[in-house]
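# How does the following fold in three dimensions:
(4 chains)
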There are 2 protein chains.
Amino acid sequence: MQSSHLNLTQQVVHELGKKIMQGSYKVGDSLPSEADLCTEFNISRTATREAVKMLTAKGLISSRPRQGIRVVDSKHWNLFDADVLNWILIGKPDLYLLRHFLQLRLAIEPEAAFLAAQYAEEPDLKAIESALLRMKDATNGQDDTHEADIEFHQSILSASNNPFFIQLKYFITTSLKVNIRFTNRLVPVTVDEYQAHVDIFEHIKNNEAQAAFDAAMLTQKATLAIVNDQIAVLEANKS
Amino acid sequence: MQSSHLNLTQQVVHELGKKIMQGSYKVGDSLPSEADLCTEFNISRTATREAVKMLTAKGLISSRPRQGIRVVDSKHWNLFDADVLNWILIGKPDLYLLRHFLQLRLAIEPEAAFLAAQYAEEPDLKAIESALLRMKDATNGQDDTHEADIEFHQSILSASNNPFFIQLKYFITTSLKVNIRFTNRLVPVTVDEYQAHVDIFEHIKNNEAQAAFDAAMLTQKATLAIVNDQIAVLEANKS
DNA sequence: TTTTTTTTAATTGTATTATAAATAGTATTG
DNA sequence: CAATACTATTTATAATACAATTAAAAAAAA
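Numbers count the residues shown, from 1 in each chain, chains lettered A, B, ... in the order given. Here you go, the predicted structure:
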C-alpha cells in the first residue's frame, strides 16, 4: 500500500475506511472502542481519535460517549469524496453499483459537454485535444488507453468552468475505473469509439452545445444499455 | 447558532469552515498555527487538532510540519458535503454561484425523474404525493411552501433508488435555498408551478420515464434561463 | 408486578505535558 | 555559486488525567 508516505492517522483512516466500504463493519455496527483501536493498530489515542474524526467528517461513522463508534446509514456517506470513492473501488463493486455509476454519468457528462461548448476557454480546448492525441497514440500502443480516456473526460468537466462539475472528476474517474474492471478489454479503443470522442470535441470547439450534448448522451446511453442487458441476463439466470 | 449542543471540536470546525467559505481565509492563505488557534478559541490542542483533521477530511485545508495549516485550492473542496454546502449558504452566494447550482440541477433532476419513473416503489410514490399535498396546503397558507418544495425534490431523488442521486439531496436542497434567497418571493407557488410538479409526479407514477424527464427538464430550463437573463442584465449594466 | 428513579460503569470528550519528526529558512562550506 | 549542514518552527505522536455523557443495571416507588 502507499502507507509509507502517509502519517499514522491517515493510514488508520484508510484501513478503517476500506473495511467499512468492504462491509467488514456493516451499517449500524459498532467499531472497536478507541482503546481497542489503539491496541489493534498499536498507536496512541491521539492518532486513533484523529482518524475517527476524519471518518466522521466523511460521513461514515459517528461516535458518542458510552455508545461507541458506529457506522452510520449509507445515505449519509459522502459518496463524492475522493477517498470514499477509492474505498468503493477497493471494495469490489458489483454490476448494480456500476449501473448506479453509469446512471449518474449519463446525467452529468452530456450536460458537461453542453456547458463546455458554451464556456470553454482556449486552454480548456487545448487540454481536451491533448487527451484526444493521447488516445490516438494509445491505439498505436504508444500510450495507456485508460489513462488517456480518463484525462479526456476530466478535461471536459474542467471545460464546463463549473466548480460542481469539476468536483465530480473523482466520481467520473472512479466510474471509468469500475467500468474497466467489468469490461476488462485487452485491446485499445476501437476506431469508432475514438471517433465518438472526436465528435464530442469538435462540437465543443465549434460551440455547438446541443450537438455536443447529444453526442455525449449517445455514448452514455449505449454504455448503460450494455450494463442493463448484463443485469437482465444475470437476473434471468438466477430464476 | 446551534453551538450549544455541539461539542467543542465541532464548534471550531463550523467556525473555521464558515470563515474559509466566506473568504476570510483565501486559497493559499495560512490559518493561524495550532497554538494560535488554541488561544483564539480558548481550547486545548486536542480539540484544535481534531477540528483541523475534520476540515482536512472535507478537503478544505492541509497541514504539514513547519508549513502550517493552509487553505487548499477550491477544486479539492468536497462541494457535495452537507457541511460545506451549509457554509456556502452562509457565505452569501452570488448570482454566478446560483447559476452553477442550477446548471448541475438541470443535469440531475430530469434524470432523477427518469429513474424514479423506472424504479420507484410504492413508498417512494407515497412520499412524493405527500410532498405534493403539503405544497397544495401551502398555497392555502397552511404549510410552508419552501419546505414542501424541498421535500418534493428530495423525494424524487430518493425514488431513483440510486445512492449517488440520493446523496445529492444536500446539494439540491442548498440549491433551492440559494434560489429562494434570490427570488425571495412573498407569495406561495402559483397554480401553474404547482401543476408542473403534479405533472412530473403523474409521469413518474405512470412509469412514463421520458415524459417525466421532459417535464422536469422544462422546469429546470426555465429557472436557468431566468438567472442567465439576470446575469446578462448585470453584465450589461457593468459596462 | 410495573413503572419510575437512582446509581453505576463504560466510553468518548477535553486538557496538559513531553518528545519526535519534518521542513523552510539560514548559515556554512567547498 | 552550488551544495551541504544547521537551526528553529511547526505539526505529529504519545502518555496521562479528569470531565461529561449515557446505556444499562439496580433500587425505589407505585
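# and A:Leu79, how many neighbours?
23 (other CB atoms under 10 Å in any protein chain shown). Heads up, the C-betas are built off the backbone N, CA and C, glycines and all.
# ok, longest helix in chain A?
helix A:209-238 (DSSP state H).
# That one packs against which elements?
The helices and strands touching helix A:209-238, judged by 3 or more CB pairs under 8 Å, 6 or more residues apart in numbering or on different chains; DSSP states H and E, are helix A:95-119, helix A:169-183, helix A:191-205.
# which of the residues in it are buried?
A:209, A:211-217, A:219-220, A:223-224, A:227 (16 or more other CB atoms under 10 Å in any protein chain shown).
# any idea how far A:Glu109 is from the residue nearest the centre of chain A?
Nearest to the geometric centre of chain A sits A:Thr174, at 2.3 Å (CA atoms, centre = their mean). According to CB to CB, to the nearest Å, A:Thr174 and A:Glu109 sit 14 Å apart.
# overlap in contacts of those two?
Counting by CB atoms under 8 Å, 6 or more residues apart in numbering or on different chains, A:Thr174 and A:Glu109 have no common neighbour.
# Any residues of chain A in contact with DNA strand C? List them.
Chain A has residues A:33-35, A:45-46, A:49, A:52, A:63-69 near DNA strand C, with proximity defined as CB under 7 Å from any atom of the strand.
# repeat that with 10 Å
Neighbours of DNA strand C within chain A, by CB under 10 Å from any atom of the strand: A:4-5, A:7, A:30-38, A:44-46, A:48-49, A:52-53, A:56, A:62-70.
# So which of those reach DNA strand D?
Among the residues of chain A next to DNA strand C, DNA strand D is touched by A:7, A:34-35, A:38, A:44-46, A:48-49, A:64-68 when using CB under 10 Å from any atom of the strand.
# Considering those, which possesses the most neighbours?
Neighbour-wise, these (other CB under 10 Å) top out at A:Thr48, 25 neighbours.
# That one: which element?
A:Thr48 belongs to helix A:45-57 when assigned by DSSP states H and E.
# Using CSV, list the CA coordinates for that helix.
The C-alpha atoms that make up helix A:45-57 are tabulated as CSV, following Å, rounded to 0.1, in the frame of the first residue of the first chain:
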residue,chain,number,x,y,z
ARG,A,45,-5.3,7.6,21.4
THR,A,46,-4.4,10.9,19.7
ALA,A,47,-3.9,9.2,16.3
THR,A,48,-6.9,7.0,16.8
ARG,A,49,-9.2,9.9,17.7
GLU,A,50,-8.0,12.0,14.7
ALA,A,51,-8.7,9.1,12.4
VAL,A,52,-12.2,8.7,13.9
LYS,A,53,-12.8,12.4,13.4
MET,A,54,-11.7,12.2,9.8
LEU,A,55,-14.1,9.4,9.0
THR,A,56,-16.8,11.2,10.9
ALA,A,57,-16.2,14.2,8.6
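# For it, give the mean pLDDT please.
What helix A:45-57 shows for mean pLDDT is 98.
# cool, stretch A:200-212 as well?
98.
# Residues touching that stretch, excluding its own?
Contacts to stretch A:200-212, defined as CB under 8 Å, 6+ apart, come from residues A:110, A:113-118, A:120, A:125, A:128-129, A:132, A:156, A:159, A:215-216, A:219.
# Mind doing that once more with 6 Å?
Contacts of stretch A:200-212 with the rest of the structure, by CB atoms under 6 Å, 6 or more residues apart in numbering or on different chains, involve A:113-114, A:116-118, A:120, A:125, A:128, A:132, A:215-216.
# Weed out the non-buried ones from those residues.
A:113-114, A:116-117, A:120, A:125, A:128, A:132, A:215-216.
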